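Peer 1: Predicted coordinates and the sequence they were generated for:
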Amino acid sequence: MIQLKKLSSILFQRLKVVLFLLILGMIVFSGNGKQVNYATNIGSATSLQAVHFVAKYDDTEETLEVRSVSNMEEVRMYGPESPVSFVGQMTAYGPDCRGCTGKVACPPRQDVRNNNIYYEDAVYGTVRILAADSRIPCGSIIKISNVTFSQEEIYGIVLDRGSAIVGNIIDFLVPRENDGFAIGRQRGVQFEIVRWGW
């Protein structure tokens, strides 16, 4: 009889543990009705909105307001938090420029010779290659408007750097260095960083 009581006591304790684990499992798997988004590596997010959705707003679908800034320090300060826009200058360069190697500075170090002046982005599709100030990270997508050579907005990706490309100057890749003379130096160009880095 004593052994039967002991056995039933052990079984009852194990049953409590099993029930506790079942209830805990139901709570965990049922959630709280909210969709939760997790990211172990925010750097792998494919858009500025994805980074902010995961890192800052968690489970809201709030549209981020574009912040107008006036210099690269403000771009660096606010760019990781929200889309930023600024007015600057656009110049052009070719892969055959003096000091150029024919490959861009940022990974994947695309060879841009032979009219290979575009990049195929997973989110934005075919975009132009740009060189920008190092305070704008590689992989950033910039929407460009108010240029004389296009009535439509142009999307470009920062994949290159240049010693003369500092501040509010963006360098537009063209097939050959001489093609850049047609673009010249354009002032009052509107730039909007719609994705901050990769």
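Peer 2: Structure's in. What do you need?
Peer 1: The nearest residue to residue 175 once chain neighbours are set aside and residue 10: what is the separation?
Peer 2: In space, and not counting its chain neighbours, residue 175 is closest to residue 115: 4.7 Å by Cβ to Cβ, 6 or more residues apart in numbering. C-beta: built from backbone N, CA, C; applies to glycine. Residue 115 sits 78 Å away from residue 10, going by Cβ to Cβ, to the nearest Å.
Peer 1: And the pLDDT at the residue nearest to residue 175?
Peer 2: pLDDT, residue 115: 88.
Peer 1: ok, now the one 10 residues further on?
Peer 2: According to the predicted model, the pLDDT of residue 125 comes to 96.
Peer 1: Start the count at 48 instead of 1 going forward.
Peer 2: From this message on, residue numbering opens at 48, which makes the last subject residue 172.
Peer 1: Can you pull out the low-pLDDT segments for this protein?
Peer 2: 48-49, 51, 54, 71-109 (pLDDT under 70).
Peer 1: one more time with 50, if that's ok
Peer 2: Applying pLDDT under 50 to the chain flags residues 78-107.
Peer 1: what about the helices in it?
Peer 2: According to DSSP state H, the chain carries its helices in the segments 49-77, 95-102, 119-125, 227-230.
Peer 1: buried residues in the shortest one?
Peer 2: So that's helix 227-230. By neighbour count on 16 or more other Cβ atoms under 10 Å, the buried set for helix 227-230 is 227, 230.
Peer 1: Could you export it as CSV, CA atoms only?
Peer 2: What follows is helix 227-230, C-alpha atoms only, in CSV (Å, rounded to 0.1, in the frame of the first residue of the first chain):
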residue,chain,number,x,y,z
GLY,A,227,30.6,63.0,-68.1
PHE,A,228,31.3,66.3,-69.8
ALA,A,229,27.7,66.3,-71.1
ILE,A,230,26.4,66.2,-67.5
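Peer 1: Could you verify my assumption that residue 244 touches residue 189?
Peer 2: No - with contact defined as Cβ atoms under 8 Å, residue 244 does not count as touching residue 189 (11.7 Å).
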